[in-house]
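K.L.:
below are the sequence and a predicted model for it; my questions follow.
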Amino acid sequence: MVSRISARIGAISESATLAVDAKAKALKAAGRPVIGFGAGEPDFPTPDYIVEAAVEAARDPKNHRYSPAGGLPELKQAIVDKTKRDSGYEIEAAQVLVTNGGKHAVYNTFATLLDPGDEVLLPAPYWTTYPEAIQLAGGVPVEVLADESQDYLVTVEQLEAARTEKTKALLFCSPSNPTGAVDTPEAVEAIGRWALEHDIWVITDEIYEHLTYGDTESTSLPVAVPELADRTVVLNGVAKTYAMTGWRVGWMIGPKDVIKAATNLQSHQTSNVCNVAQRAAIAALTGDLSAVDEMKVAFDRRRKTMVQMLNEIPGVECPEPTGAFYAYPSVKGVLGREINGRTATTSAELAAIILDEAEVAVVPGEAFGAPGYLRLSYALGDADLTEGVSRIAKLLS
């Protein structure tokens, strides 16, 4: 029997993070006291001045019409200015494509760069969308695992060991989703120099650039290795920095020929991003960073609380994340142990037991290419965070 669904689309896995979040919300709506650590989105509202800019934009008839597929010129310029201000990377508006959120930028980039069979080095644990976007574009994700013993940071030696004659690109994400790990400036430069030496493209996801803690700072790869800029695509967006996950405004920055080709693709895919959301993004990027600074105070406090509580659970090992808003504990020491008459042999099974027995939703490491771990977002209220981890601790202790 001929399949009703194409093999290409049928092979895509459901987004595990969105699935866990949806299940948690459904259970909560049914009256169960579920606490969800699944979704990676700030629990803060979008700042008022950004919302007001959107309200004003919605009343202006010019925003009721089509606009350039690649983005409003004013937003492109705001991205140019913001990129220089925040990371010291000087670009032109012709190097920017505004996309429908960060995921759209990820897909557009791989679709534009990859031919069938091209390999992409993918440090694991990785964000669940990366391998799906690579495969949709005809590419082959090559996983390079960095575990908790190395703070989830991949080395040049590991990348070199995975490189083949088919290697076209490297996906680089620092600060990292799902681990919260942040590469040092020296490590960023070393990886960039290695990519330059071997003529490898780098797709660097910088959407968590402002979410770092203590003395940690994120380093933009094309700034660390300027010579690599012609083979680098930077992915970013307003979602995490400005609590704008639902507004769906992201962008890609790259060489002009790549951006031109990706814009052509987008002109057939979606046309322009919603004009009202673009106007809101302009307000966000041209304003100061006080909103994210306020969020970081809360995230930092929650980060320390979560990591301390997780590390007190027998069999759980959680390195302290220095960026983003995720903890990524190893639960290998819990697997095989009886829990309320049930035994988990995988982190996926453990996540199911935790949801059933403790009514807490977490995402298993299988979703991120690293079985034996759980991802917990600490972008939720302090009381829920403490209660949720306490439930897990009671169940597993």
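P.N.:
Right, received. Where do you want to start?
K.L.:
what's the helix or strand for the closest residue to residue 229 other than its chain neighbours?
P.N.:
Nearest non-adjacent residue to residue 229, counting by Cβ to Cβ, 6 or more residues apart in numbering: residue 222, 4.2 Å away. All C-beta atoms are positioned from the backbone trio N, CA, C, and that covers glycine. Remark: residue 222 resides in helix 221-224, with elements defined by DSSP states H and E.
K.L.:
cool, and residue 376?
P.N.:
Residue 376 belongs to strand 374-377, assigned by DSSP H and E.
K.L.:
what is the mean pLDDT for whatever helix or strand residue 9 lives in?
P.N.:
Per DSSP H and E: residue 9 is located in helix 7-10. For helix 7-10, mean pLDDT is 90.
K.L.:
can you give me the strands for the stretch 151-300 of the chain?
P.N.:
167-173, 201-205, 232-237, 250-253 (DSSP state E, counting those that start in this stretch).
K.L.:
in the third one, what counts as buried?
P.N.:
Neighbour counts using 16 or more other Cβ atoms under 10 Å place 232-237 of strand 232-237 among the buried residues.
K.L.:
now swap in the first one and tell me
P.N.:
Judged by neighbour count using 16+ other Cβ under 10 Å, the buried positions of strand 167-173 are 167-173.
K.L.:
tell me the one of the residues you listed nearest residue 131?
P.N.:
When those are compared for distance to residue 131 (Cβ to Cβ), residue 171 wins out at 9.1 Å.
K.L.:
for that closest one, name its beta-bridge partners.
P.N.:
residue 203 (DSSP bridges).
K.L.:
go ahead and confirm it touches residue 122.
P.N.:
Yes. If you go by Cβ atoms under 8 Å, residue 171 and residue 122 touch, sitting 5.2 Å apart.
K.L.:
export the buried residues of strand 167-173 to a markdown table and append columns for distance to residue 68 and pLDDT.
P.N.:
What follows is the buried residues of strand 167-173, written out as a markdown table (distance: Cβ to Cβ, whole Å; pLDDT from 0 to 100):
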| residue | distance to residue 68 | pLDDT |
| --- | --- | --- |
| 167 | 35 | 98 |
| 168 | 29 | 98 |
| 169 | 27 | 98 |
| 170 | 31 | 98 |
| 171 | 28 | 98 |
| 172 | 29 | 98 |
| 173 | 29 | 98 |
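K.L.:
so which elements touch the helix holding residue 9?
P.N.:
On a contact count with 3 or more Cβ pairs under 8 Å, 6 or more residues apart in numbering; DSSP states H and E, helix 7-10 meets no helix or strand.
K.L.:
and residue 345, backbone torsions?
P.N.:
Torsion angles at residue 345 (phi, psi; degrees, to the nearest 10) stand at phi -100, psi -10.
K.L.:
before we move on, back to that, pull up the pairing partners for the strand holding residue 376, direction included.
P.N.:
Checking strand 374-377 against DSSP bridges gives partners strand 326-327 (antiparallel), strand 363-364 (antiparallel).
K.L.:
what's downstream of that strand, the next helix or strand?
P.N.:
Following strand 374-377 toward the C-terminus (DSSP H and E): helix 382-396.
K.L.:
dump the strands of the stretch 151-300 of the chain to a markdown table, plus distance to residue 29.
P.N.:
Formatted as a markdown table, the strands of the stretch 151-300 of the chain follow (distance: least, Cβ to Cβ, whole Å):
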| stretch | distance to residue 29 |
| --- | --- |
| strand 167-173 | 33 |
| strand 201-205 | 32 |
| strand 232-237 | 29 |
| strand 250-253 | 29 |
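K.L.:
which of those sits closest to residue 11?
P.N.:
Ranked by Cβ to Cβ, the member of the strands of the stretch 151-300 of the chain that lies closest to residue 11 is strand 167-173, at 19.0 Å.
K.L.:
tell me the angle of that closest one relative to strand 201-205?
P.N.:
Computed by axes from the mean of the first three to the mean of the last three Cα atoms, to 10 degrees, the angle separating strand 167-173 from strand 201-205 equals 20 degrees.
K.L.:
other SSEs contacting strand 167-173?
P.N.:
When contacts are defined as 3+ Cβ pairs under 8 Å, 6+ apart, strand 167-173 sits against strand 119-124, helix 185-197, strand 201-205.
K.L.:
okay if I get those as JSON lines plus mean neighbour count, mean pLDDT and distance to residue 385?
P.N.:
Converted to JSON lines, the helices and strands packed on strand 167-173 look like this (neighbours: other Cβ atoms under 10 Å; pLDDT from 0 to 100; distance: least, Cβ to Cβ, whole Å):
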{"stretch": "strand 119-124", "mean neighbour count": "24", "mean pLDDT": "98", "distance to residue 385": "26"}
{"stretch": "helix 185-197", "mean neighbour count": "18", "mean pLDDT": "98", "distance to residue 385": "30"}
{"stretch": "strand 201-205", "mean neighbour count": "24", "mean pLDDT": "98", "distance to residue 385": "25"}
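K.L.:
adding distance to residue 14, write these out as TSV.
P.N.:
Formatted as TSV, these follow (distance: least, Cβ to Cβ, whole Å):
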stretch	distance to residue 14
strand 119-124	19
helix 185-197	31
strand 201-205	21
